[in-house]
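>>> got a sequence here, can you build the structure:
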Amino acid sequence: MENFLSQHGVEIFLLSETFLNPGQAFRLANYICHPSDRSTAGGGTAILVRRNIVHHSVPVLGLTHLEATAVQVTLAGRHGKILAAYLTRAH
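Just a heads-up that it's a prediction; the model follows:
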């Protein structure tokens, strides 16, 4: 993954089905990982943001069947929000 991100100049990368365990850290050179908080392993979302981008996590509240991770970024002096979402089960 690290080679792919570097080769293609990826600044922000959205992940789903991360299968990270609760409290488990995911580290990748030159990126900060923002995972969704889960009470159990499996599924999950995360956003990787290159370290040189001004950003911070944004809470996503009130979801029942949708998992989501959000960050607010500042690029070229403009603010925007990015959301990685995953539907945990079909309805």
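>>> please make it C-alpha for all contacts and neighbour counts, starting now.
OK.
>>> okay, now the residue nearest to residue 16 when sequence neighbours are not counted: neighbour count?
Spatial nearest neighbour of residue 16, chain neighbours left out: residue 45 (4.4 Å); criterion: Cα to Cα, 6 or more residues apart in numbering. Residue 45 has 25 neighbours, counted by other Cα atoms under 10 Å.
>>> same question, residue 71
There are 20 residues near residue 71, going by other Cα under 10 Å.
>>> ditto for residue 12
17.
>>> residue 74: which element?
strand 66-75 (DSSP states H and E).
>>> what's the mean pLDDT across that strand?
Mean pLDDT, strand 66-75: 92.
>>> now swap in stretch 49-57 and tell me
So the average pLDDT for stretch 49-57 ends up being 95.
>>> now do stretch 11-18
pLDDT averaged over stretch 11-18 gives 91.
>>> one more: stretch 31-43?
79.
>>> what angle do the next helix or strand after the strand holding residue 74 and strand 66-75 make?
Moving toward the C-terminus from strand 66-75, the first helix or strand encountered (DSSP H and E) is strand 78-87. Note on geometry: by axes from the mean of the first three to the mean of the last three Cα atoms, to 10 degrees, strand 78-87 and strand 66-75 are set 160 degrees apart in direction.
>>> what's strand 78-87 packed up against?
Applying 3 or more Cα pairs under 8 Å, 6 or more residues apart in numbering; DSSP states H and E, we find strand 78-87 packed against strand 12-16, strand 45-50, strand 66-75.
>>> buried ones in the first one?
Buried residues in strand 12-16, counting neighbours by 16 or more other Cα atoms under 10 Å, are found at 12, 14, 15, 16.
>>> which residues touch the third one?
Residues near residue 15 by Cα atoms under 8 Å, 6 or more residues apart in numbering: 45, 46, 47, 48, 84.
>>> go with 7 Å
For residue 15, the contacting residues are 45, 46, 47, 84, by Cα atoms under 7 Å, 6 or more residues apart in numbering.
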